[in-house]
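> have a look; sequence and predicted model below, questions after that.
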Amino acid sequence: MEPISFATALATTIAYFIGIESTHLRNSDKRQFKQEQKIFYHQNTNYDFVVVGGGTAGCIVANRLSKKYTVLLLEAGGYPPPLTNVPVFFDTTYNYADINYQFKTLPQATLRNMSLYQSTGRMLGGSSSHNSLVYNRGNRRDYDNWADITEDPSWKYDAMLKFFKKAETYKGICSVRDQHGFLGPITIETSEGQIYSVWKHAAAELGYKVFDPNGPQKEGFAPTDCARENGRRVSTFDAYLKPILRSRRKLHVVKYAQVDRILFKGKTATGVLYTRHGKELKVRASKEVIVSAGSFGTPFLLFKSGIAPLGLLHKTKISPITYLPVGQNLQDHPGLELGPFTVDHPSYFSNLWSNLTTEEFEKYIKSDKEAILSGIQPKAQAFIVSSAAKERAEHDWPNLELFIIRLNYDPINPSSDIPTNEFYVGMFVGRPEYRKMNFGSVTLDTAAYLRGAKEIERLAKINYKFLQSKQDYSVLLDAIQTCLRILNTKAFQKIGTKLKPNRKCAKEHPFKSNEYWRCVVETTGRNWDHTSGTCRMGHGSSDKNAVVDSKLKIIGLARIRVVDASIIPQITNANIYAAVVALTEKASEDIIQDHEISFIRMSNMFGNRDNITKPFFVS
């Protein structure tokens, strides 16, 4: 019998643990639940704040508010599995059904009626526990645009900078020190693969500068900043929640808690109704309910609670609380992965299983951020102003992002690893023009709802309406030509870079013809999981497209806010992880300031009536 390789043994071990872990955690959770329920349900049913959703935003707001107030955090999932900490396995954890919601969109007419796949995290940390770790703030004009939309200058980039800095401990290579923070919860490292040196030389050939992607962003080429410490993922669960779970006496966290609806007295939110292991429970929020369930989860909870467009509530016979355009304004970045490109020097890209030796594994254990297991996607990136944006004199506001990646593969299955000499260039339209015409939407499948369906994946009708603007289409074609110029530089030709034809499109059209590239867009177009906008922020009740005001309060209601990516009025021109972190830091400060005066007054009048004597984390 042939000896089992180290890589195969490791793959078998990982596959075993990823297969049993979720079941084990749920079973142990049920056992502990039975032991604790008698104590729990007679101890605390009243909190200052109830936070719905322990995802990217929920972990942050729960941390910040529980420094001063009692907070109950309700999360539908559980702990992120240990494998989520290993950056190279993000594709595996992204596709793992037990820790994610998995959606399919409606057929996209401009993509030959192809349905797109979308995965969002159902675990503490949410999608920050499974994303690609990329930490791009976006452009300063993105935030200045938010300030214009909301008529609130506190959303301008110069005002938001303190929240970006507050959130991070910067350990990257960039030199713009006054643009970064050094004492925050999220550690930011810079990832530099071997291919980055070629990328920099290509930039110089084309006349682009290399810059700090967050210092602030401008047109040019850049390394990749990522939420990682010593080669391991840093999610908002890792950064904000995990360190305080056993010590923060004002914070209670309940996992596997499915919030069914928000409770109201008239137009005032009073608490929530949730189900845990088949038992229905009510909990009261004396100050506010904070909804942080994500760009799909938040609108669905509002739908079920009677906050929705008039037509939807009428069809479902849900008792209305208020009529608002919840679920409209859905946005993501339309794009594609161009390739494969091949090189003559495979050393620029590592094959995981061929190179995963005991020495490499030891490098990871010793927190070497250059270990194969610590590798992230993308390997290098660029922010480009398209021809159309230049015509609008937007020279300082890139609307294209390009980045080198190794296409998705399953690290658990060594046979699925792609050749070491192949790579792709990911690209997307950073500022989609469809927003000026017809936004996407997520709404409730009313027929499924009336049949009794409860799972959000079965109820969601998602339509991005990608590339319905001719402008977006031409911008994406512009991105392809920019990509080809980059890979035709001497820097890339020196390593023998070549593009393989797309078999389907090459059969239909001459290789590299305009028709060929349109076929490529139509057959390989995709979303990039930057879902946002479904509870759009605006300037108040006079803004008919808004669900929340600039302080994230739901318009027309009291004691309820939305704090997550769904409030973004227009998507930033880059990955949205950093944007969500900063907006949540800002929202947390706004909430505390709103309640500080009354908190001090009540404390002076009645003293501290905190009846929580020890941390209570339902594990």
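In hand now; what should we look at? Numbering: from 1, shown residues only.
> what sits against Val580?
56-57, 564-565 (C-beta atoms under 8 Å, 6 or more residues apart in numbering). For the C-beta atoms, the positions are set from N, CA and C on the backbone; glycine is no exception.
> quickly note the distance from it to Phe341.
Separation of Val580 from Phe341 (C-beta to C-beta, to the nearest Å): 32 Å.
> same check, this time on Leu183
Leu183 is 41 Å from Phe341, by C-beta to C-beta.
> and those two? Which one has more around it.
Between Leu183 and Phe341, Phe341 has the larger neighbour count (other C-beta atoms under 10 Å), namely 20 against 9.
> right, and Pro378 touches Thr224 too?
Yes - with contacts counted by C-beta atoms under 8 Å, Pro378 reaches Thr224, the gap being 5.7 Å.
> overlap in contacts of those two?
Overlap of the contact sets of Pro378 and Thr224 (by C-beta under 8 Å, 6+ apart) consists of 134, 403.
> for the contacts of Val580, which one is nearest Leu373?
Thr56 (23.3 Å; C-beta to C-beta).
> separation between that closest one and Met123?
From Thr56 to Met123 the distance is 11 Å (C-beta to C-beta).
> ok, Asp142 next?
Taken as C-beta to C-beta, the span from Asp142 to Met123 is 28 Å.
> who's more crowded, these two?
Met123 (29 against 23).
> ok, back up a step: buried ones from the contacts of Val580, can you make that a PyMOL selection?
Selection of buried members from those for PyMOL, criterion 16 or more other C-beta atoms under 10 Å:
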select buried, resi 56+57+564+565
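> out of the contacts of Val580, which sit inside helices?
56-57 (DSSP state H).
> the strands in the stretch 401-550 of the chain, which residues?
For the stretch 401-550 of the chain, the strands defined by DSSP state E, counting those that start in this stretch cover 422-429, 440-444, 460-463, 498-499.
> relative to Ile372, which of the ones you listed is closest?
strand 422-429 (15.6 Å).
> quick one: the closest one to chain centroid distance?
19 Å (C-alpha atoms, centre = their mean, to the nearest Å).
> show me what it is packed up against.
Strand 422-429 is packed against strand 335-342, strand 400-405, helix 470-487, with contacts defined by 3 or more C-beta pairs under 8 Å, 6 or more residues apart in numbering; DSSP states H and E.
> ok now the last one, how far from the chain's centre?
What it means is helix 470-487. Offset of helix 470-487 from its chain centre (C-alpha atoms, centre = their mean): 25 Å.
> got the contact list for it?
Counting by C-beta under 8 Å, 6+ apart, 110, 202, 206, 334-336, 338, 341, 382, 384, 386-389, 399-400, 402, 425, 427-429, 432-434, 466-467, 492, 497, 499, 514, 517-518, 520-521, 525 sit against helix 470-487.
> one more: the first one?
Contact with strand 335-342 is made by 405, 407, 418-419, 421-429, 476, 479-480, 483, 487, 496-500, 520-521, 524-528, as judged by C-beta under 8 Å, 6+ apart.
> between it and strand 422-429, how big is the angle?
160 degrees (axes from the mean of the first three to the mean of the last three C-alpha atoms, to 10 degrees).
> count of residues packed around the nearest residue to Glu585 once chain neighbours are set aside?
Sequence neighbours aside, Phe163 is the residue nearest to Glu585 in space, at 4.0 Å (criterion: C-beta to C-beta, 6 or more residues apart in numbering). For Phe163, the count of nearby residues is 20 (other C-beta under 10 Å).
> go on, Gly55?
32.
> hmm, Val291 and it touching each other?
No - counting by C-beta under 8 Å, Gly55 does not reach Val291; the two are 11.1 Å apart.
> between those two, what contacts are shared?
Contact criterion C-beta under 8 Å, 6+ apart; residues bridging Gly55 and Val291 by contacting each: Asp564.
> Val581 sits in which helix or strand?
If you go by DSSP states H and E, Val581 is part of helix 577-606.
> in that helix, what counts as buried?
Neighbour-count burial for helix 577-606, counted by 16+ other C-beta under 10 Å, picks out 577-588, 590-591, 595.
> also stretch 546-566?
546-555, 557, 559-566.
> if we can go back for a sec, so for the helix holding Val581, mean pLDDT?
Averaging the model's pLDDT scores along helix 577-606 yields 86.
> roughly how far out does that helix sit from the chain middle?
23 Å.
> who does the longest strand along the chain pair up with?
The longest strand of the chain (DSSP state E) is strand 279-291. Strand 279-291 pairs in its sheet with strand 46-52 (parallel), strand 268-276 (antiparallel), strand 560-562 (parallel), by DSSP bridges.
> pick the most buried one from these.
When these are scored by mean count of other C-beta atoms under 10 Å, the highest mean neighbour count falls to strand 560-562 (a mean of 27).
> chain center to that strand, what's the gap?
Its chain's C-alpha centre and that of strand 560-562 lie 19 Å apart, by C-alpha atoms, centre = their mean.
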